[in-house]
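Undergrad: Here is my input; please provide its structure:
(one chain, ligands or ions: 1)
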Amino acid sequence: MSGPEARAPRAPARFTAPPDGRLDASMLEVYDRDGFLILDGCVPSDDCDAVQTRIAQLVDAFDPTTTRTVFSTASQAHARDAYFRDSGGAIRFFYEDGALDADGNLVVPKARALNKIGHALHDLDPVFASISRHARFAGLAASLGLAAPLLLQSMVIFKQPHIGGAVDWHQDLTFLHTTPPSVVGFWLALDDADIDNGCLLAIPGGHRGPLRQRFRYQDGALITQTLDATPWPAGPAVALEAPRGSVVVLHGLLPHASSANRSARSRHAYSLHLIDGTTAYAADNWLQRPELPLRGFA
Ligand SMILES: O=C(O)CCC(=O)C(=O)O
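TA: Down below sits the predicted model:
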């Protein structure tokens, strides 16, 4: 299928976030139907400010000469680098495609060069630990039926003005596989996200289709294995426009993507992925944390 821009948007259902994160029957019905839920006003502005201040501090302290790893869902070039492979239990910085020249030098200031920071902010940084373990997220996880929620992966996604690249269509279970499937994403808009600056796109109901791929280790290499070649559903995608503070809940089998940021505005987001500790986490998943045990909300 062609890139994320190829699909025409239409308006998705949206709700005002319940303060304790506990979803009511109508919200759960929409989540079951569409595979996503937009919860407006979920995280107060002060908390978004605290997260953005912390991001600025982390970027300020980051020495850009310590890594050259570009994160690209198109080339998957990052998969070859130990810097990426070991990032499940660390706080690592990944560049946007095009941010480095052929000699590996930055062609834009470092604050505009980053694609993302990941993948254990929620365990290793106090500000991210606090936002991630807020009661509203614990309530959400409980409502969604996670019997023993574990916070697995966290990312700051920058989607920089003008150069922020597209994220190709994917299902999160591809990357964070459990048996039975349990991964769920909480995606927090730290800036207003809309069609012009590369908001999330999703295919409503697409979570009822099969898992298409797995991104996993095989003989020491990270590979993308096709499990099922069923194309993504043909219907139009929806643009999950999200004002700052909204949280989009994403089912692990939901096909989603985002287009490039062609605007002059940033589109920062914080994405947190949880699994159910009662399921089996695949030993060949890319993300492994041998030295940092997974924790829940306690
Ligand atoms: O923020 C984006 O553009 C993509 C995020 C995503 O795919 C995710 O959080 O699962």
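Undergrad: per-residue confidence for C199?
TA: pLDDT, C199: 97.
Undergrad: so how far is W187 from it?
TA: 10 Å (Cβ to Cβ, to the nearest Å). Quick note: C-beta positions are derived from backbone N, CA and C, even for glycine.
Undergrad: quick one: the helices in the stretch 1-150 of the chain?
TA: For the stretch 1-150 of the chain, the helices defined by DSSP state H, counting those that start in this stretch cover 25-34, 45-61, 82-85, 110-113, 121-124, 126-132, 135-143.
Undergrad: who touches the longest one?
TA: It refers to helix 45-61. 91, 93, 110-111, 114, 117, 125, 127-128, 131, 134, 156, 188, 190, 244-245, 268, 270 (Cβ atoms under 8 Å, 6 or more residues apart in numbering).
Undergrad: Please provide the alpha-carbon coordinates for it, formatted as PDB.
TA: In PDB, the C-alpha atoms belonging to helix 45-61 read as follows (Å, rounded to 0.1, in the frame of the first residue of the first chain):
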ATOM      1  CA  SER A  45      -1.900  21.700  30.700                       C
ATOM      2  CA  ASP A  46       0.400  22.000  33.800                       C
ATOM      3  CA  ASP A  47       1.400  18.300  33.400                       C
ATOM      4  CA  CYS A  48       2.000  18.800  29.600                       C
ATOM      5  CA  ASP A  49       4.200  21.800  30.500                       C
ATOM      6  CA  ALA A  50       6.200  19.700  33.000                       C
ATOM      7  CA  VAL A  51       6.700  17.000  30.400                       C
ATOM      8  CA  GLN A  52       7.800  19.500  27.700                       C
ATOM      9  CA  THR A  53      10.100  21.300  30.100                       C
ATOM     10  CA  ARG A  54      11.700  17.900  30.900                       C
ATOM     11  CA  ILE A  55      12.000  17.100  27.200                       C
ATOM     12  CA  ALA A  56      13.900  20.400  26.700                       C
ATOM     13  CA  GLN A  57      16.200  19.600  29.600                       C
ATOM     14  CA  LEU A  58      16.900  16.100  28.200                       C
ATOM     15  CA  VAL A  59      17.600  17.400  24.800                       C
ATOM     16  CA  ASP A  60      19.800  20.200  26.200                       C
ATOM     17  CA  ALA A  61      21.900  17.600  28.100                       C
END
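Undergrad: buried ones in that helix?
TA: 47-48, 50-52, 54-55, 58-59 (16 or more other Cβ atoms under 10 Å).
Undergrad: before we move on, back to that, show me the contacts of helix 45-61 that map onto strands.
TA: Among the contacts of helix 45-61, the members found in strands (DSSP state E) are 91, 93, 114, 117, 156, 188, 270.
Undergrad: Buried ones among the residues you listed?
TA: Listed as buried from the ones in strands among the contacts of helix 45-61 are 91, 93, 114, 117, 156, 188, 270; burial here means 16+ other Cβ under 10 Å.
Undergrad: farthest pair in the residues you listed?
TA: Farthest pair in those (Cβ to Cβ) is F93 and L188. Separation: 19.4 Å.
Undergrad: Look up how far the ligand lies from the nearest residue to R289 once chain neighbours are set aside.
TA: Nearest non-adjacent residue to R289, counting by Cβ to Cβ, 6 or more residues apart in numbering: G89, 4.2 Å away. For G89, the distance to the ligand equals 19 Å [Cβ to the nearest ligand atom, to the nearest Å].
Undergrad: What segments of the stretch 151-298 of the chain are strands?
TA: When assigned using DSSP state E, counting those that start in this stretch, the strands of the stretch 151-298 of the chain occupy the ranges 167-170, 178-179, 184-189, 200-202, 213-218, 221-226, 238-240, 247-251, 256-258, 269-276, 280-281.
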